[in-house]
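Enquirer: Using only what follows, build the 3D model:
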Amino acid sequence: MTRTEKEKQVNEISDKIQKAKVTIFSNFCGLKVQDLQKLRKQFREANVEYKVYKNTLIRRAFEGVEGIEDFLKEPTALTFSNEEISAPAKIMADFSKEKSALKIKGGLVEGQLMDKAAIDALAKLPPRDVLLTKLVFGLQAPIRNFVNVINGPLTKLVLVLKAIEEKKETSK
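Expert: Residues are numbered from 1 along each chain as shown. A predicted model of the protein is given here:
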């Protein structure tokens, strides 16, 4: 590979890192070709990019980031996601349960370096839509409860008036 090609790849990695919400480092050694194809297919369906780079090029792209050396001791594949943070971690965690040859090393989540344990925790998070739904319901709960408290006496008043009306009708 020529120097210009290496520079081009370093720039490509740097651009992808800057655009990505999450970048996950993994070791793919020991995976069969059909397993890698299956993994890449799952990533494509989730709109996630998975690519293998030389460690020296990754090191140059991450120049100035402390702690990155721990992830670059074995062959490395990078997973980039510009949309969903938990999707690539979830796919990798599920796939690594099936095929133990795939090993998650760690990652970079919105500029923060994370170890394997943090990426595994990220994989257990529900999708963004589910989290937003839970947030909305959580915000609505106090308002809903307040409305129920206010409506309680009014409901009782209406029931009392209805009972009085029925009593007057039956006494006629």
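
Enquirer: secondary structure element for residue 51?
Expert: Following DSSP states H and E, one finds residue 51 within strand 49-53.

Enquirer: Using PDB, write out every CA atom in that strand.
Expert: Provided in PDB are the C-alpha atoms of strand 49-53 (Å, rounded to 0.1, in the frame of the first residue of the first chain):
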ATOM      1  CA  GLU A  49     -20.900  -0.100   8.700                       C
ATOM      2  CA  TYR A  50     -18.300  -2.800   9.600                       C
ATOM      3  CA  LYS A  51     -14.800  -2.600   8.200                       C
ATOM      4  CA  VAL A  52     -11.400  -4.000   8.900                       C
ATOM      5  CA  TYR A  53      -8.400  -1.700   9.000                       C
END
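
Enquirer: what's that strand packed up against?
Expert: Under the contact criterion of 3 or more Cβ pairs under 8 Å, 6 or more residues apart in numbering; DSSP states H and E, strand 49-53 touches helix 3-19, helix 33-45, strand 76-81. (Glycine included, C-beta is placed from N, CA and C.)

Enquirer: Just the angle for the second one relative to strand 76-81, thanks.
Expert: So the one you mean is helix 33-45. Calculated by axes from the mean of the first three to the mean of the last three Cα atoms, to 10 degrees, helix 33-45 forms an angle of 20 degrees with strand 76-81.

Enquirer: now the angle from helix 33-45 to strand 49-53?
Expert: 130 degrees.

Enquirer: can you pull the buried residues of helix 33-45?
Expert: Judged by neighbour count (16 or more other Cβ atoms under 10 Å), helix 33-45 contains these buried residues: 35, 36, 39, 42, 43.

Enquirer: could I get those as CSV with pLDDT and distance to residue 13?
Expert: Formatted as CSV, the buried residues of helix 33-45 follow (pLDDT from 0 to 100; distance: Cβ to Cβ, whole Å):
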residue, pLDDT, distance to residue 13
35, 90, 24
36, 90, 20
39, 91, 20
42, 92, 22
43, 91, 17
